[in-house]
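>>> Please work out how this folds:
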Amino acid sequence: MNMQKILAEAKKMQASLDKKIAEFDSKEFEYNYKNYISIKIKGNLEIISISIDNQLVDPEDKNILEEMVAEAVNEAVSKTSAEKNKVTQIAMPKMPF
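Below you'll find the model as predicted:
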């Protein structure tokens, strides 16, 4: 098998992987925690919304609490993803070309 064919196949596989990752990143997921907290999140870990049952909070502060929790979760996810990227980069072998 010649090197050009191997490289072409690798590029094809990478393009397919990139497409699947992009599709996954844009997909929305919804999670419900004990019927009290509902979270909508994208595959790229971006929080779309957080809904907290009225039984858990003072109704006057509910919107502010939901926004603050969403921001806190997004920051945590972002920092965790950055750390994951560092580990991934260290684990990936360096290509000689």
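
>>> Can you work out which other helices and strands pack against the helix ranked longest in the chain?
Ranked by number of residues, the top helix in the chain under DSSP state H is helix 62-91. When contacts are defined as 3 or more Cβ pairs under 8 Å, 6 or more residues apart in numbering; DSSP states H and E, helix 62-91 sits against strand 47-52. In this view, the C-beta of every residue, glycine as well, is placed from N, C-alpha and C.

>>> CA-only coordinates of the strand it packs on in CSV, if you can.
What follows is strand 47-52, C-alpha atoms only, in CSV (Å, rounded to 0.1, in the frame of the first residue of the first chain):
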residue,chain,number,x,y,z
ILE,A,47,-25.8,24.7,28.8
ILE,A,48,-28.9,25.9,27.0
SER,A,49,-31.1,26.2,30.1
ILE,A,50,-31.6,25.2,33.7
SER,A,51,-35.1,25.0,35.2
ILE,A,52,-35.5,24.7,39.0
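
>>> Low-confidence regions, this structure specifically.
The chain contains residues with pLDDT under 70 at 1, 87-88, 90-97.

>>> separation between S81 and V69?
According to Cβ to Cβ, to the nearest Å, S81 stands 18 Å off from V69.

>>> go on, E75?
11 Å.

>>> Then F24?
Taking Cβ to Cβ, one finds F24 at 24 Å from V69.

>>> ok, these two, which is more surrounded?
A direct count of neighbours by other Cβ atoms under 10 Å for F24 and V69 places V69 higher, at 15 against 12.

>>> OK, contacts around that one?
Applying Cβ atoms under 8 Å, 6 or more residues apart in numbering, we find V69 in contact with 50, 52.

>>> same thing but 6 Å
Neighbour list for V69: I50 [criterion: Cβ atoms under 6 Å, 6 or more residues apart in numbering].

>>> Fine, thanks again, bye for now.
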